[in-house]
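1. Quick one: sequence and predicted model below, then my questions.
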Amino acid sequence: MDHVEVLREKIARLRAEITHIQELNQEYRLREWNGTEAQVAHGQRHERLQAIQQELIQVSDLGRRIHSVDKMREQKNRAQMHLVKQERAS
């Protein structure tokens, strides 16, 4: 499983959701009058944006960990290849 691709897809979904929320918020701002229902929905969108922000922080942390693990694997593979080359040279 390609973890980086999963993270990219997650980010793409969150971006699409942010765009949709921004459009709804723009409509809310352009109305001359907003009833209670519209105000509640606006508040819920604000809360969702905050939740998305937290999700993006988590995705960023995961991305750093994946990068770190990949880098460690790469270094380990290089070290093993170096040992193999040394053994062949002996």
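-> Received, thanks. Numbering: from 1, shown residues only.
2. So which elements touch the helix or strand bottoming out on mean pLDDT in the chain?
-> Ranked by mean pLDDT, DSSP states H and E, the weakest helix or strand in the chain is helix 36-89, scoring a mean of 84. Contacting helix 36-89 under the criterion 3 or more C-beta pairs under 8 Å, 6 or more residues apart in numbering; DSSP states H and E are the following elements: helix 3-30. Where C-beta positions appear, they are placed from N, C-alpha and C, glycine not excepted.
3. For the helix it packs on, could you pull out the residues that count as buried?
-> Within helix 3-30, the residues scored as buried using 16 or more other C-beta atoms under 10 Å are L14, I21.
4. And it, what does it pack against?
-> Applying 3+ C-beta pairs under 8 Å, 6+ apart, one finds that helix 3-30 contacts helix 36-89.
5. ok now the helix it packs on, how far from the chain's centre?
-> Centroid separation for helix 36-89 versus its chain: 8 Å, with C-alpha atoms, centre = their mean, to the nearest Å.
6. Report the angle between it and helix 3-30.
-> 160 degrees (axes from the mean of the first three to the mean of the last three C-alpha atoms, to 10 degrees).
7. For L24, give me its contacts.
-> A41, R45 (C-beta atoms under 8 Å, 6 or more residues apart in numbering).
8. can you rerun that using 10 Å?
-> By C-beta atoms under 10 Å, 6 or more residues apart in numbering, the contact set of L24 is A38, A41, H42, R45.
9. Spatially nearest residue to the first one (excluding sequence neighbours)?
-> Once flanking residues are discounted, A38 sits nearest to Y28: 6.2 Å by C-beta to C-beta, 6 or more residues apart in numbering.
10. need the contacts of L24 in a markdown table with neighbour count, can you?
-> Converted to a markdown table, those look like this (neighbours: other C-beta atoms under 10 Å):
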| residue | neighbour count |
| --- | --- |
| A38 | 14 |
| A41 | 15 |
| H42 | 17 |
| R45 | 16 |
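11. Next, give me the two most distant ones among these.
-> Longest distance between any two of the contacts of L24 is 10.5 Å, between A38 and R45; criterion C-beta to C-beta.
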